[in-house]
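S.K.: sequence plus the predicted model coming up.
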Amino acid sequence: MPVYNFKSISAVPTSPDLIDIVLTRTQRRTPTVIHPGYKITRIRSFYIRKIKFTQQTISERLSNILTEFPRLDDIHPFYSDLCNTLYDRDHYKLALGQLNTARGLVDAIARDLIRMVKHGDSLYRCKCLKRAALGRMCTILKRQKSSLAYLEEVRKHLSRLPALDPTTRTLFMCGCPNVGKSSFMNKITRANVDVQPYAFTTKSLFVGHADYRYLRWQVIDTPGLLDQKLEYRNTIEMQAITALAHLTCSVLYFVDISENCGYTIEQQCSLFWSIRPLFANKELIVVVNKIDICPWETLEADKKKLVEDLAASSDNITLMTMSNTSEHNISAVKNLACDKLLATRVENRLNTSKVSTVMNRLQVFTPLPRDDVVRDASIPASVLEARDSMDKDKPKKSRVGYAPTKNDVTDDDSDAEMGDTTAKKTARELMWENGGPGVWAPDYRDVYDLAEDSQKYDAIPQILNGKNIADYIDPEIEAKLAALEAEEEQLVAELGAVIDDESDLEEEEEAAVTAIREKKTVMRQRSRFNRGQNKSVMPRHVRGRAKDMHDSGALNKDTIVQTLGDVGVDATKMIENRARAPKRGRSVSRRSEAVTPDDTDMADTSLSKGSLKKLKKSRSQSIKREHSLARSHSKPRDPSASGLRDEAMVSKAKAKEMIGIKKWSFGGRSGEGDRTQSVHLVKWMNTGKKRNGTTYCR
């Protein structure tokens, strides 16, 4: 497991967010009501509590940030140098130092202002001092904007670092870019490192894990290195240099002899000699990779000598060939690296002072012979006689499926020994004789406890609803069925397979059936057509009208007569009355211009103009009244004229009409359409002393 868990560091808020957190918490966790009429001691303690709580909240938040971030002087040198490479040690320490200073300043401000509040003589003065204290604290937090933002970025990057344990068993891979390090890691671990045919695909440290000899091994893939001075290396290369300098590991230096990586063998060997001091006190293996493209035997002599000189430079360096594509020697390289590192770790532990202290407490005794007498195993004669008698009396069992031992009989006397058939074989012996496990299953019917032993192997009956199925099965059912089928085939052959297509229906019935079938077909097609169309619902004022020449619509007079005639209603009179009914509308000519015979008669009389005018007005009003009565009271009609069958149906229709137009009667009470709003007096607006405010709101 990793020693340091950087993922547990809490998020660092920005300065505005931190100010909001502090002030909101102070508002929620402290009292909020104070009056000038209170004692001055109570007023002072109220504002002192506000200042103290704000100072404690800020101190707590900043202390958590300072505690959670690692101190570079206390952690492993590998992580210390890695942080220096990635984040700049000075900048990191400066940011933490500024937060520590801000925490001290906040404490000093709270201490000074609390001393001043203790001498406040009024609520106004104490309130001003509290406001000044909180404002100065928030100003200090505002000045830490850059430090908080920098630490938040550092926290994000630290949480993305690999879970690397500097003290565990580690295989470390290094070399030029694109020489096959990531491919080798994907082969021996369950990691999924990105592999691309160009340089610097790996830009940071990647960690994988492999198992060898029941131990967990840590495998580290590093970015490619270039042959240049240390001060010219970038941040990506410095990660590999830092890990190589501080980790106790077994190093695998990869060399691409095919030169497909873009670097010659001379450049790769030059890189090896430039980082050679970092390999001190480490087990090193020079891995010659990509031998599937360029075999090691066909390599030029001068280039081969350069690679061999790398292995000959020290006793702890081993040269091995490998190919990631053909997987040649991949397991051998991993096993050799693990064995060398394991041997080194054991040797280092033996050389420590702890081993000597343990060895002083251990004593090893080696027994020495006291004389030259040979003392063999002594078996009493009685035991030998009992063993011989037991072997003679005991019958020999079958040993099929067992490995032969020295006590088994030989081929010569096997027939004589196996002649005894009185011995009962075990289930294990029967299993091996009949195909082994999974093939043979024991027959438990032999141990059934029945009244008669002859019934043990009878077929078990199948019971359904308490009855035996076998009692209802005719044993000759198959033969009878075959006979019936043969008889049916014979009858069909004799009749010539002639099927009488004549129907028993009369001509009218057949015509009605045909019409019904045609109508059902048309309705089915129309329904399928309407269902398949994506269109809006047809409005009511156009429903039933003619759509096309094939559909006259439900409001057509012929369709109405035919539909009502099918249910026994004669609709011819209704259609005739509807056709003869006059259209109500205004006349083209004005009423004043219409001349009646009475008017002509009146014109001949010797009445005055005023009398004639009154008479004309009364007659016109009577005519209007007649028209109004004619519109409001319809003349009684025959039931068939209104589409009804008889008088009983007319009375039933009127009863339903009266139910539909029945009006609501609440007896003067409020109904569901009435909307009322009760008088509601709000307590806080109408209680308490009347000081400032109006008579409406106190």
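M.R.: Nice, thanks for sending it over. Residues are numbered from 1 along each chain as shown.
S.K.: the strands in the stretch 351-500 of the chain, which residues?
M.R.: Assigned strands in the stretch 351-500 of the chain, in chain order: 463-464, 467-468 (criterion: DSSP state E, counting those that start in this stretch).
S.K.: wait, I meant the stretch 51-200 of the chain
M.R.: 170-175.
S.K.: most tightly surrounded among the strands of the stretch 351-500 of the chain?
M.R.: strand 467-468 (a mean of 11; mean count of other C-beta atoms under 10 Å). C-beta: built from backbone N, CA, C; applies to glycine.
S.K.: partners of it, with directions?
M.R.: Strands that pair with strand 467-468, judged by DSSP bridges, come out as strand 463-464 (antiparallel).
S.K.: what lies in contact with the partner strand?
M.R.: With C-beta atoms under 8 Å, 6 or more residues apart in numbering as the test, strand 463-464 has contacts from residue 469.
S.K.: residue 474: neighbouring residues, count only.
M.R.: Using other C-beta atoms under 10 Å, residue 474 has 9 neighbouring residues.
S.K.: what's around the residue lying closest to it once chain neighbours are set aside, how many residues?
M.R.: Leaving aside its chain neighbours, residue 474 sits nearest to residue 480 (7.3 Å; criterion: C-beta to C-beta, 6 or more residues apart in numbering). Neighbour count of residue 480, defined by other C-beta under 10 Å: 10.
S.K.: again, but for residue 282
M.R.: Residue 282: 17 neighbours (other C-beta under 10 Å).
S.K.: residues in contact with it?
M.R.: By C-beta under 8 Å, 6+ apart, residue 282 lies in contact with 248, 249, 250, 251, 316.
S.K.: mind running it again at 6 Å?
M.R.: If a contact means C-beta atoms under 6 Å, 6 or more residues apart in numbering, then residue 282 has residue 251 as its contacts.
S.K.: tell me how many other residues surround residue 81.
M.R.: For residue 81, the neighbour count with other C-beta under 10 Å is 19.
S.K.: same check on residue 486?
M.R.: For residue 486, the count of nearby residues is 9 (other C-beta under 10 Å).
S.K.: measure it to residue 494 for me?
M.R.: Using C-beta to C-beta, to the nearest Å, residue 486 is found at 13 Å from residue 494.
S.K.: picking up where we left off before, need the strands of the stretch 351-500 of the chain in TSV (columns: distance to residue 572).
M.R.: Formatted as TSV, the strands of the stretch 351-500 of the chain follow (distance: least, C-beta to C-beta, whole Å):
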stretch	distance to residue 572
strand 463-464	68
strand 467-468	70
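S.K.: mind putting these into CSV with distance to residue 73 and mean pLDDT?
M.R.: Below are the strands of the stretch 351-500 of the chain laid out as CSV (distance: least, C-beta to C-beta, whole Å; pLDDT from 0 to 100):
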stretch, distance to residue 73, mean pLDDT
strand 463-464, 86, 84
strand 467-468, 91, 85
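S.K.: so which of the ones you listed gets nearest residue 218?
M.R.: The closest of the strands of the stretch 351-500 of the chain to residue 218 is strand 463-464. By C-beta to C-beta, the value is 66.7 Å.
S.K.: pull the distance from the closest one to the chain's centre.
M.R.: Here the centre of strand 463-464 is set off from its chain's centre by 49 Å, with C-alpha atoms, centre = their mean, to the nearest Å.
S.K.: which helix or strand in this structure has the lowest average pLDDT?
M.R.: Among the helices and strands of the chain, helix 414-417 carries the lowest confidence by mean pLDDT, DSSP states H and E, at a mean of 44.
S.K.: if you skip the residues just before and after it, what's nearest to residue 303?
M.R.: Leaving aside its sequence neighbours, residue 303 sits nearest to residue 265 (C-beta to C-beta, 6+ apart; 4.7 Å).
S.K.: what does that neighbour show for phi and psi?
M.R.: Residue 265 adopts backbone torsions of phi -60, psi -40, taken as degrees, to the nearest 10.
S.K.: residue closest to the middle of this protein?
M.R.: Geometric centre of the chain, nearest residue: residue 192, 22.3 Å, by C-alpha atoms, centre = their mean.
S.K.: what about residue 562, how many residues nearby?
M.R.: Neighbour count of residue 562, defined by other C-beta under 10 Å: 11.
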